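>>> show me the folded form of this:
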Amino acid sequence: MKIVLLLTGKTTEEYIIKGIEDYSARIRKFSAFEMVILRDLKNTGSMPPATQKEKEGERIMEFFAPGDYIILLDERGTQYRSIELAGWLEERLMSQVKRIVFVTGGPWGFSDGVRDRADMSLSLSRLTFSHQLVRLLFLEQLYRAFTIIRGVPYHHE
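Below is the predicted model of the structure:
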């Protein structure tokens with residue numbers, strides 16, 4: 001099984017980039033993992049938010065393959081404690097799914113089409129974080145979930 005983190009837009013903060021690289025390398029010790037960055041839309045300054053959201057949604061939808069298990073990283077999604085996330089991930093890893101795709105949206109969120117295609121939404125917090133910071137927070141939690149599943153010392157409960 002492969003895990004993909006599909007990102008909208010670039011990460012520009014150097015300290016976040018370093019953290020992302022670190023946790024991505026750690027995750028790859030447990031699972032096939034890939035980050036895919038969709039290029040930014042052009043000329044969004046004069047584009048209404050609804051149009052921007054739809055255009056980003058079209059790009060996101062092009063990436064999905066039949067049979068993908070799609071999880072949106074969204075503040076309105078299901079919240080888990082780290083140990084619960086690990087249990088949920090372990091169940092997915094034992095399923096027949098070939099690819100789990102976690103998706104971060106753009107500044108205006110997800111289009112209706114992307115929401116309809118998703119299998120679930122996952123919230124890291126009820127707080128709102130920048131899209132760059134969400135990447136790092138999510139990767140740390142994904143790594144933490146793998147350490148819980150494999151019994152590697154990292155998580156303390």
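
>>> find the centremost residue of this structure, please.
Centre of the chain computed as the mean C-alpha position; nearest residue by C-alpha atoms, centre = their mean is residue 102, 3.4 Å away.

>>> from residue 95, how far off is that one?
Applying C-beta to C-beta, to the nearest Å, the value for residue 102 to residue 95 is 15 Å. The way it works is simple: take the backbone N, C-alpha and C, and place the C-beta from them, glycine included.

>>> returning to that earlier point: quick one: the residue nearest to the centre of the chain is in a strand?
Yes. Residue 102 forms part of a strand when assessed by DSSP: H, G, I helix; E, B strand; the rest coil.

>>> quick one: the strands in the protein, in order.
Applying DSSP state E to the chain gives strands spanning 2-8, 32-38, 69-79, 99-104, 120-123.

>>> now these in CSV, with distance to residue 63 and mean pLDDT?
CSV is the format used below for those (distance: least, C-beta to C-beta, whole Å; pLDDT from 0 to 100):
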stretch, distance to residue 63, mean pLDDT
strand 2-8, 6, 96
strand 32-38, 7, 96
strand 69-79, 10, 95
strand 99-104, 7, 97
strand 120-123, 17, 96
